[in-house]
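Colleague: the following block contains a protein sequence and its predicted model.
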Amino acid sequence: MAQPWDYIAKIVSLGDSGSGKSSLTIRLCEGRFVSHHDVTIGVEFGSRIVPVGPPASLEHNINNPTSAAKTTSPNDTKTTASAKKDQQQKHMKLSLWDTAGQETYKSITRSYFRGASGALLVFDITRRNTFNSVTSWLYDLRQIAEDDIVVILVGNKSDLAPNSTITAGDSKNKRQVTREEAEEWCQQNKVMQYVETSAKSGENVERAFLEVAERIYQNIEAGRYDLNDRRSGVKGPGAGGGANTARTVNLGMNTGNAAKKAGVAGGCC
């Protein structure tokens, strides 16, 4: 039976405890929100199969080079539609590593960054101290992970901050970090993108992971990974599965399973 994916990529989530990393993973894998989650010790695993490349990337307008064009002629539209129809959709299995955020486990957490091809750097937009910590988390990640790891910044709990700016006296808007300063931080630290999510409502959760997956796929297409070298964080369909592949859960686009807990390190994916 043919495998339902073309590539496997190891994705790590990192950031301070309580920023919502586990909730984001559960929302993506199971489609539900857990209001109270036990503190992650070491790492928890999950997986999800997502489409990468056209036609899905064009439909979702993710990493679409034509989206930046100011004008589109009727001929361009016909060509794009034809390409979407004729191109076979690729799929990527995201092997999700949800790491502990407490300082107590930081020395353990760092070891899980090795062999990752993508990372979600998560903070809570209602707690400025979690945003202040992302620089330190990014430094740790870049000390251990490969140089070309794909990183995006994720501001979680947008359901508690309906306005993009800080509004004094607004009890409904608990925001402590503005979108503008988060985007400025990304530019200063060479992080690809900033996405605001809500694990509670599900807003932009799937998109955050798709943004990472799509950029990894673009790197694959550009030949930047050795798909047989586990240090790259990416595997092709011909590569042998490892212990971690057996522990993760195969999920379709609209199905979910419980994310699995584990406390041992392993190779890519």
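Modeller: Nice, thanks for sending it over. Residues are numbered from 1 along each chain as shown.
Colleague: what mean pLDDT does stretch 208-216 have?
Modeller: Taken as a whole, stretch 208-216 has a mean pLDDT of 97.
Colleague: count of neighbours near the closest residue to residue 113 other than its chain neighbours?
Modeller: In space, residue 113 comes closest to residue 144 once its chain neighbours are excluded; the distance is 4.3 Å by Cβ to Cβ, 6 or more residues apart in numbering. In short, each C-beta sits where N, CA and C put it, glycine included. Residue 144 has 14 neighbours, counted by other Cβ atoms under 10 Å.
Colleague: around residue 217, how many other residues sit close by?
Modeller: By other Cβ under 10 Å, neighbour count at residue 217 equals 24.
Colleague: can you check residue 20 too?
Modeller: Residue 20 has 29 neighbours, counted by other Cβ under 10 Å.
Colleague: what do you get for residue 207?
Modeller: Applying other Cβ under 10 Å, we find 13 residues neighbouring residue 207.
Colleague: part of a helix, is it?
Modeller: Yes - Residue 207 sits within a helix when classified using DSSP: H, G, I helix; E, B strand; the rest coil.
Colleague: how close does it get to residue 150?
Modeller: Counting by Cβ to Cβ, to the nearest Å, the gap from residue 207 to residue 150 is 15 Å.
Colleague: equivalent analysis for residue 176, please.
Modeller: According to Cβ to Cβ, residue 176 and residue 150 sit 27 Å apart.
Colleague: between the two, which one's more packed in?
Modeller: Neighbour count, other Cβ under 10 Å: between residue 176 and residue 150, residue 150 has more, with 25 against 15.
Colleague: so that one makes contact with residue 212?
Modeller: Yes - counting by Cβ atoms under 8 Å, residue 212 is a contact partner of residue 150 at 5.4 Å.
Colleague: joint contacts of the two?
Modeller: 118-119 (Cβ atoms under 8 Å, 6 or more residues apart in numbering).
Colleague: and the next helix or strand past the helix or strand that contains residue 216?
Modeller: Using DSSP states H and E, residue 216 maps to helix 205-221. Next in sequence after helix 205-221, counting helices and strands by DSSP H and E, comes strand 234-235.
Colleague: contacts for that following strand next, please.
Modeller: 7-10, 117, 216, 219-220, 225, 227-228, 268-269.
Colleague: can you list the buried residues in the helix holding residue 216?
Modeller: Of the residues in helix 205-221, 205-206, 208-220 count as buried by neighbour count, 16 or more other Cβ atoms under 10 Å.
Colleague: for that helix, name the packing helices and strands.
Modeller: Helices and strands touching helix 205-221, by 3 or more Cβ pairs under 8 Å, 6 or more residues apart in numbering; DSSP states H and E, are strand 7-14, helix 21-30, strand 43-52, strand 90-99, strand 118-124, strand 150-156, strand 193-196, strand 234-235.
Colleague: now the helices for the stretch 51-200 of the chain?
Modeller: Secondary structure of the stretch 51-200 of the chain (DSSP state H, counting those that start in this stretch): helices located at 56-59, 74-86, 106-111, 128-132, 134-144, 179-188.
Colleague: looking at the contacts of strand 234-235, which is nearest residue 162?
Modeller: Nearest to residue 162 among the contacts of strand 234-235: residue 216, at 31.8 Å, using Cβ to Cβ.
Colleague: tell me the contacts of that closest one?
Modeller: 7, 9, 52, 92, 117-118, 150, 234.
Colleague: surely residue 28 and residue 120 touch.
Modeller: No - shown here, residue 28 and residue 120 do not form a contact pair, counting by Cβ under 8 Å, at 10.2 Å.
Colleague: still on that earlier bit, what's near enough to touch the residue nearest to residue 113?
Modeller: By Cβ under 8 Å, 6+ apart, the contact list for residue 144 reads 110-111, 113-114.
Colleague: go on, residue 177?
Modeller: Residue 177 makes contacts with 123, 125, 128, 131, 155, as judged by Cβ under 8 Å, 6+ apart.
Colleague: look up the pLDDT of it for me, please.
Modeller: For residue 177, the model assigns a pLDDT of 96.
Colleague: begin at 5 from here
Modeller: Let's use 5 as the start, then, which means that last one is residue 181.
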